[in-house]
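K.L.:
could you work out the structure for the sequence below:
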Amino acid sequence: MPQTFRTRLGRSACLFAGLVLGPPGQTQTLADREQGIPVTDPLVIAKCGGCHTRDERGNMQRLSWERTTPEGWQDALKDMILREGLSVTPPEARAIVKYLSGSHGLAAEEAEPVRYDPERRIHDETGMVSESLHETCGKCHSFARALSWRRSEADWKQFADSHGNRYHIPSTAEAVEYLSKAAPLQSPAWDAWNARTGAQSLSGRWLVTASMPGDGTYSGEMQIDRDGDDEYNTRATLTSIRDGTRILRTGRTIVFGGSAWRGRSKGSGSAVAPDGLSTEAREVLLLEADQSTAEGRWFWGQYQEFGFEVKLRRASSEPTLLAVDRPSLKTGSRAIRIRLIGDHFPAQIGAADLNFGPGVTVRAIASNSPNEIVAQLDVAADAPLGKHDAAFRRSSLPGALAIYDRVDYLKVTPDSIVAAFGDRNHPKGYQQFEAIGYQRGPDGRAHTADDVALGPVDAAWAVQVFHAAEGGSSDSVGAINSQGLFTPADKNPNLNFDCWVIATARDEKDRNGAPLVGKSYMVVTVPTYVFNGRRYVRDLDRWVDDGPDR
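P.N.:
Next up, the predicted model:
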């Protein structure tokens, strides 16, 4: 099975939080007590202090030697409810997670490398750690789940020993050695994060860009209004750069620890199609340390397979470039029309205000408004190949435009994935594919690390089941539409199907004049049956995001 499958399939295999907080009777060494993070919240002390005793410094057993994400603390709380019989109300559960995610959370720099896990992204962890460590941890969950926790060395050892005993892992010594160094309790990033003077309010007008595979890029703005301590109401208006479609989404979010944006939003229209842009979405973003920008994902679906890639930035009075409507331009092109989308563009602009790097000349400004500039560009035959910045005066989009001489190959994304049949209790697991054109890069060889992505290519789509007879139908597994959306068949045969998803370019040819073709590996399988626990525990997800009454 390809490595990329692990990060999605392993989520239901075990609760990584299983023995995060217990057994509470074990204690740390004096050195660990001196480094602990005191617990000062009265509710946490009242609810957790019966098992996790508090010393004269305010340190609580286990809790004071652990830090993690909101999802980590949420899972830990779920486990204490199920396994230890902890009794909390919905508001109490939300308040506990909120406090621990702030005072015992992660700095933005620590959360960045592992944010793909809470954002529910397919991510290839091959090469991240040794194969033996993947065998120790990766059988049940992504390795990012482990790296989302920060612990003292003694706590890592205590956790690994108890976790190993519970799940019958033969050796945890390598894991303890690696995690103690890679994810220590104390770090310069955490020290700097704690030294901040305090998180500023996010209230105000923000600029948004959001792209969705198969649907293109949207741009617009979001109004954020404060509604409580670190809680906000949001209203986003987005416009498709491709066809002008407008979306209005309203939502609510909590910002944990000044950096972890966790919320939900929904469009104003009805969501009929599974990939409908008005569908309620979970919002997971990471705010930078200065809280001027944020980046992440809004996602939905039975397997979180649909979603926007989102970037936010605070609006200012200065001209701001947000997006361009073309991801690439071919050498030798003349009078190519390009649209630049942004905010606060002045009324009077000239060709000299725009810059796309060497070899790209602005021939003329066709039109402009406060939010859009339409320009005509010439690309020299010898223009440098590769990524070019797009800039309007001092506002720049790094690598926004790729210059190429030919499309060397197609890559279908995701390159390996799982789709799922549905049943009466489980919706289908869909998949959205894109065919991305690539240029061979500076080394002159295709399929190497320096290759340049040129953006989506118009393609015809097909699904081919492994070992199927020549000309056989794939109807038994499902169908893929002209936009690359795969829909599993209605009937669940209770079998697995290995398939190729094949994209054939409509216009781009190879050196022999044949259409370029790309493939992706897809398994279509039965639904993932997730351990339920009690409804009380399942609903913690929504309590933390929205509050119990919203």
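
K.L.:
output the longest strand belonging to this structure.
P.N.:
strand 497-509 (DSSP state E).

K.L.:
excluding its backbone neighbours, what's nearest Phe308?
P.N.:
Ala210 (4.1 Å; C-beta to C-beta, 6 or more residues apart in numbering). Any C-beta I mention is one placed from the backbone N, CA and C, and that applies to glycine too.

K.L.:
so what's that neighbour bridging to?
P.N.:
For Ala210, the beta-bridge partners are Tyr218, Val310 (DSSP bridges).

K.L.:
what's the answer for Pro488, then?
P.N.:
Per DSSP bridges, the residues bridged to Pro488 are Gly478.

K.L.:
what sits against it?
P.N.:
419-422, 428-430, 477-478, 524 (C-beta atoms under 8 Å, 6 or more residues apart in numbering).

K.L.:
can you tell me the average pLDDT over the helix or strand where Gly220 lies?
P.N.:
If you go by DSSP states H and E, Gly220 is part of strand 216-226. Averaging pLDDT along strand 216-226 yields 97.

K.L.:
re earlier: among the contacts of Pro488, which ones are in strands?
P.N.:
Using DSSP E, these in strands are 419-420, 478, 524.

K.L.:
just flag the most distant two among these.
P.N.:
Ala420 and Gly478 (10.2 Å; C-beta to C-beta).

K.L.:
touching both of those two, which residues are there?
P.N.:
What both Ala420 and Gly478 touch, as defined by C-beta under 8 Å, 6+ apart, is the set 488, 524.

K.L.:
about what we covered before: of the ones in strands among the contacts of Pro488, which is the nearest to Ala435?
P.N.:
Looking across these and measuring by C-beta to C-beta, the closest to Ala435 is Ala419, at 17.5 Å.

K.L.:
residues in contact with the strand holding Gly220: which ones?
P.N.:
Contacts for strand 216-226 (C-beta under 8 Å, 6+ apart): 201-212, 232-243, 247, 308, 312, 315, 322-323, 325, 341, 343, 456.

K.L.:
now do 7 Å
P.N.:
For strand 216-226, contacts defined as C-beta atoms under 7 Å, 6 or more residues apart in numbering pick out 201-211, 232-242, 247, 312, 315, 322-323, 341.

K.L.:
what comes up buried for it?
P.N.:
By 16 or more other C-beta atoms under 10 Å, the buried positions in strand 216-226 come out as 217-224.

K.L.:
distance-wise, check the nearest residue to Thr413 once chain neighbours are set aside relative to Pro456.
P.N.:
Of all residues not flanking Thr413 in the chain, Glu434 sits nearest, at 5.2 Å (C-beta to C-beta, 6+ apart). From Glu434 across to Pro456, the span is 5 Å (C-beta to C-beta, to the nearest Å).

K.L.:
looking at those two, which is more packed in?
P.N.:
Glu434 (21 against 16; other C-beta atoms under 10 Å).

K.L.:
how far away is the more buried one from Leu202?
P.N.:
32 Å.

K.L.:
and what of Gly220?
P.N.:
17 Å.

K.L.:
related to what we said a few turns ago, separate out the buried members of the ones in strands among the contacts of Pro488.
P.N.:
419-420, 478, 524.

K.L.:
point out the other helices and strands that the helix or strand where Leu82 lies packs with.
P.N.:
According to DSSP H and E, Leu82 maps onto helix 70-84. In terms of contacts (3 or more C-beta pairs under 7 Å, 6 or more residues apart in numbering; DSSP states H and E), helix 70-84 is packed against helix 90-103, helix 535-538, helix 540-546.

K.L.:
ok, Gly214 - contacts?
P.N.:
Contact partners of Gly214, counting by C-beta under 7 Å, 6+ apart, are 432, 434, 483-485.

K.L.:
would you format those residues as TSV with secondary structure and pLDDT included?
P.N.:
As requested, the contacts of Gly214 are exported to TSV (DSSP: H, G, I helix; E, B strand; the rest coil; pLDDT from 0 to 100):
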residue	secondary structure	pLDDT
Gln432	strand	97
Glu434	strand	97
Gln483	coil	95
Gly484	coil	97
Leu485	strand	97
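
K.L.:
what's the most distant pair in those residues?
P.N.:
Glu434 and Leu485, at 10.4 Å, using C-beta to C-beta across the contacts of Gly214.

K.L.:
buried residues in stretch 283-290?
P.N.:
283-287.

K.L.:
quick one: mean pLDDT over that stretch.
P.N.:
What stretch 283-290 shows for mean pLDDT is 94.

K.L.:
contacts for that stretch, please.
P.N.:
108, 111-112, 115, 118-119, 251, 253, 255, 258-265, 294-298, 310, 312.

K.L.:
filter the residues you listed to the buried ones?
P.N.:
108, 111, 115, 118-119, 251, 253, 255, 258-265, 294-298, 310, 312.

K.L.:
can you flag which of those belong to helices?
P.N.:
The helices, defined by DSSP state H, take in 108, 111 from the buried ones among the contacts of stretch 283-290.

K.L.:
from the buried residues of stretch 283-290, which is closest to Arg393?
P.N.:
Nearest to Arg393 out of these is Leu287 (C-beta to C-beta; 26.3 Å).

K.L.:
mind checking the backbone torsions on the closest one?
P.N.:
Main-chain dihedrals, Leu287, degrees, to the nearest 10: phi -80, psi 140.

K.L.:
specify the beta-bridge partners of it.
P.N.:
Ala294.

K.L.:
and for Gln439?
P.N.:
Val452.

K.L.:
surely it touches Leu454?
P.N.:
Yes - Gln439 lies in contact with Leu454 (C-beta atoms under 7 Å); the separation is 5.9 Å.

K.L.:
now for those two: what residues contact both?
P.N.:
404, 407.

K.L.:
what's the following helix or strand after the helix or strand that Ala400 is a member of?
P.N.:
Element membership for Ala400, per DSSP H and E: strand 395-404. Where DSSP H and E defines the elements, the next helix or strand beyond strand 395-404 is strand 409-413.

K.L.:
name the helices or strands packed onto that following strand?
P.N.:
Against strand 409-413 (3+ C-beta pairs under 7 Å, 6+ apart) you get strand 434-439, strand 497-509, strand 515-525.

K.L.:
closest one to Arg196 among these?
P.N.:
Per C-beta to C-beta, nearest to Arg196 of the helices and strands packed on strand 409-413: strand 434-439, 39.3 Å.

K.L.:
and the contacts of that closest one?
P.N.:
Outside strand 434-439, the residues within contact range by C-beta under 7 Å, 6+ apart are 213-214, 385, 404, 407-413, 451-457, 459, 484, 503, 505, 508, 518.

K.L.:
got the angle between it and strand 395-404?
P.N.:
80 degrees (axes from the mean of the first three to the mean of the last three C-alpha atoms, to 10 degrees).
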